[in-house]
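Peer 1: Generate a structure from the sequence data that follows.
(2 chains)
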2 protein chains.
Amino acid sequence: MNKYIELVDKKLDEYMKDGYPADIFKSMKYTVTLPGKRLRPVMCLEACKVLGGNIEEAIPTACAIEMLHAQSLIHDDLPCMDNDDFRRGKPSNHKVFGEAIAVLAGDALISYAPQIIIEKSKNLSSDTILKVIHEYVNAAGVYQLIGGQVADILSEGNNWINDNFEGKTKEETLHFIHTNKTAVLFKLALKTGAIIAGGNNEQIQEMEQFGQKFGCAFQIYDDIMDEISTFEELGKTIGKDREAGKLTYVTLFGLDKARQKVHELINEIHSIIDKYNSDIFNSILSKIETKIN
Amino acid sequence: MNKYIELVDKKLDEYMKDGYPADIFKSMKYTVTLPGKRLRPVMCLEACKVLGGNIEEAIPTACAIEMLHAQSLIHDDLPCMDNDDFRRGKPSNHKVFGEAIAVLAGDALISYAPQIIIEKSKNLSSDTILKVIHEYVNAAGVYQLIGGQVADILSEGNNWINDNFEGKTKEETLHFIHTNKTAVLFKLALKTGAIIAGGNNEQIQEMEQFGQKFGCAFQIYDDIMDEISTFEELGKTIGKDREAGKLTYVTLFGLDKARQKVHELINEIHSIIDKYNSDIFNSILSKIETKIN
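Peer 2: Predicted structure coming up:
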């Protein structure tokens, strides 16, 4: 796991160049290279490896997904969105570079990520690269990541009429948000890892299912931590969800049911991936189960 | 020309769907379908046609470029950027949908445009689509469109030390902004039209040169109109550039030199493209020359 993280950090550092005008390159690099667990790229590389692929070929895509993740953090933290001043223990992008540059750094990352995939995936066929790019743009766009973020923002306010927002109950809306705001990047990472490895349709679908369940587990874990953790541990403002009356699994069903749901999802994931005997996948899953208890 | 505009409008309407959550789809569609001259998509289709291509095959790309253009308008108008309340005579996106949705609609369009290229270009090879996508992401990103917008924003303030900003004089900075903020989308349109037509390298390069010169002429024309036109004619706030002490060809060299420069650039364009006898290209060029006089 640490070997993968080091590799991803090294490559991210290599891909995030300086340039003119200096501020925009610095701003992009600032958030992309903030120390992090690199869960998404690590899972992309590991999916590629367990399906018999060469992880070298998955590195540009793995790093591109981390860039898209950073993009979503930069824009989520903006004053007009979650208005968060800290991220991973450091001032948010717009606190350092100003709002205009933060908006543009996010914009730039959305295009820079696929540019890296196209320019650095030297040994992949045009067909494979195009498949990966198609997954990427679909995930990054209105049908997934953006749709999830919008549902998250709108469900925070007073848009509920008798437990109904645009035809969905709170539970359905929550599932939509978890699927599209959080699970999307894990699905993208695992699925593209499988595509790059040359996995068959069944394997690609399994990796997608893994990503879906993991994303939901991870979001509920994140919401639990927002209740029980500290600023020092998480590096971001704590207890904001409850204060904002935000729709989360914890605010909707309580801590106990939330913990139970995470364990259920992780059991389901084990039944999909245990055949691969992946220490890395197992270690990621067990860390989450330990932390919420 | 009107036939092309109708075709583009019809296809944009078809591509910009409704969906859940409703607001984000409405917001994207709102700015993309604002009535406009559709210069970029028209030039993409015409480049494809004069080089012997089938314009049907260029339609998804032509529309994608209009989406990217709309994206740049939505984000440029934000309070943290140019803070403009009107666009094409209508309230700006963030005035209708709020800042958060406007930021996310722009984000979504950056990915939606290449998604349309990939999903709707049915008769193009993977190699050609990938080439077009590569041009798109490079144009949309930090090396071109975003870099140009950042230089534009930063050059407005007090970042000048003895006519120097990050190693460039005002004239050099202006050229960088015109090339990367404005010419980029015309270059992208003409170049991808040529690629889709199967043009040779020389033809692709000529179309790129045309786009470069046209973009510069168009930006100077736009800055002249900001001085001499009315809100009714342009559909946006007038005289803001001078008020903001913005760096433009007009504020730097005066109206007369600006007019002269536009005529020079258009003469240079004619020497590149007159061999194609394109009524559409000629009509676009002559309209600009007429309006500034």
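
Peer 1: Check whether the helix or strand harbouring A:Thr192 comes near chain B.
Peer 2: Here A:Thr192, judged by DSSP states H and E, is contained in helix A:184-196. No. When contact is scored as Cβ under 8 Å from any Cβ of the partner chain, no part of helix A:184-196 falls within range of chain B; the minimum is 11.8 Å. Every residue, glycine included, has its C-beta placed from N, CA and C.

Peer 1: Kindly give the local confidence score, pLDDT, for A:Gly89.
Peer 2: According to the model's per-residue confidence, A:Gly89 sits at a pLDDT of 86.

Peer 1: for A:Val50, same thing?
Peer 2: pLDDT, the model's per-residue confidence, is 98 for A:Val50.

Peer 1: which residues touch the residue in the stretch 151-293 of chain A that chain B sits nearest to?
Peer 2: Of the stretch 151-293 of chain A, the residue with the smallest distance to chain B, taken as Cβ to the nearest Cβ, is A:Ala151 at 5.1 Å. Taking Cβ atoms under 8 Å, 6 or more residues apart in numbering or on different chains, we find A:Ala151 in contact with A:Thr173, A:Phe176, A:Ile177, A:Asn180, A:Lys181, B:Tyr20, B:Pro21.

Peer 1: taking these as a set, which two sit the farthest apart in space?
Peer 2: Of all pairs drawn from the contacts of A:Ala151, the widest gap by Cβ to Cβ lies between A:Lys181 and B:Tyr20 and measures 13.7 Å.

Peer 1: tell me which strands and helices the host helix or strand of A:Asn282 is in contact with?
Peer 2: Secondary structure assignment for A:Asn282, by DSSP H and E: helix A:279-291. With contacts defined as 3 or more Cβ pairs under 8 Å, 6 or more residues apart in numbering or on different chains; DSSP states H and E, the packing partners of helix A:279-291 are helix A:39-50, helix A:201-228, helix A:255-273.

Peer 1: try 6 Å this time
Peer 2: The helices and strands touching helix A:279-291, judged by 3 or more Cβ pairs under 6 Å, 6 or more residues apart in numbering or on different chains; DSSP states H and E, are helix A:255-273.

Peer 1: neighbours around A:Lys193, how many?
Peer 2: Rather than Lys, residue A:193 is Gly. The number of residues packed near A:Gly193 is 32, by other Cβ atoms under 10 Å in any protein chain shown.

Peer 1: Skip the chain neighbours and tell me the closest residue to A:Lys168.
Peer 2: The shortest distance from A:Lys168 to any residue that is not its chain neighbour, by Cβ to Cβ, 6 or more residues apart in numbering or on different chains, is 6.6 Å, and that residue is A:Phe176.

Peer 1: now swap in A:Leu68 and tell me
Peer 2: Take A:Leu68 and drop its neighbours on the chain: the residue closest to it by Cβ to Cβ, 6+ apart is A:Ala113, 5.1 Å away.

Peer 1: Who are the contact partners of the one you found?
Peer 2: Residues touching A:Ala113, when contacts are defined by Cβ atoms under 6 Å, 6 or more residues apart in numbering or on different chains, comprise A:Ala64, A:Met67, A:Leu68.

Peer 1: mind listing what's buried in stretch A:175-183?
Peer 2: A:Phe176, A:Ile177, A:His178, A:Thr179, A:Asn180, A:Lys181, A:Thr182, A:Ala183 (16 or more other Cβ atoms under 10 Å in any protein chain shown).

Peer 1: no no, stretch A:189-200
Peer 2: Applying a neighbour-count criterion of 16+ other Cβ under 10 Å, one finds A:Ala189, A:Leu190, A:Lys191, A:Thr192, A:Gly193, A:Ala194, A:Ile195, A:Ile196, A:Ala197, A:Gly198, A:Gly199 buried in stretch A:189-200.

Peer 1: One more: stretch A:124-139?
Peer 2: Neighbour-count burial for stretch A:124-139 flags A:124, A:128-139 (criterion: 16+ other Cβ under 10 Å).

Peer 1: again with stretch A:27-42
Peer 2: Those would be A:Ser27, A:Met28, A:Lys29, A:Tyr30, A:Thr31, A:Val32, A:Gly36, A:Arg38, A:Leu39, A:Arg40, A:Pro41, A:Val42, for stretch A:27-42 by 16+ other Cβ under 10 Å.

Peer 1: Show the contacting residues for the residue nearest to A:Asn180 when sequence neighbours are not counted.
Peer 2: Sequence neighbours aside, A:Gly148 is the residue nearest to A:Asn180 in space, at 2.9 Å (criterion: Cβ to Cβ, 6+ apart). Contacts of A:Gly148 were listed using Cβ under 6 Å, 6+ apart, and they are A:Ile177, A:Asn180, A:Lys181.

Peer 1: I'd like those laid out as JSON lines, including secondary structure and pLDDT.
Peer 2: Below are the contacts of A:Gly148 laid out as JSON lines (DSSP: H, G, I helix; E, B strand; the rest coil; pLDDT from 0 to 100):
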{"residue": "A:Ile177", "secondary structure": "helix", "pLDDT": "96"}
{"residue": "A:Asn180", "secondary structure": "helix", "pLDDT": "98"}
{"residue": "A:Lys181", "secondary structure": "helix", "pLDDT": "96"}
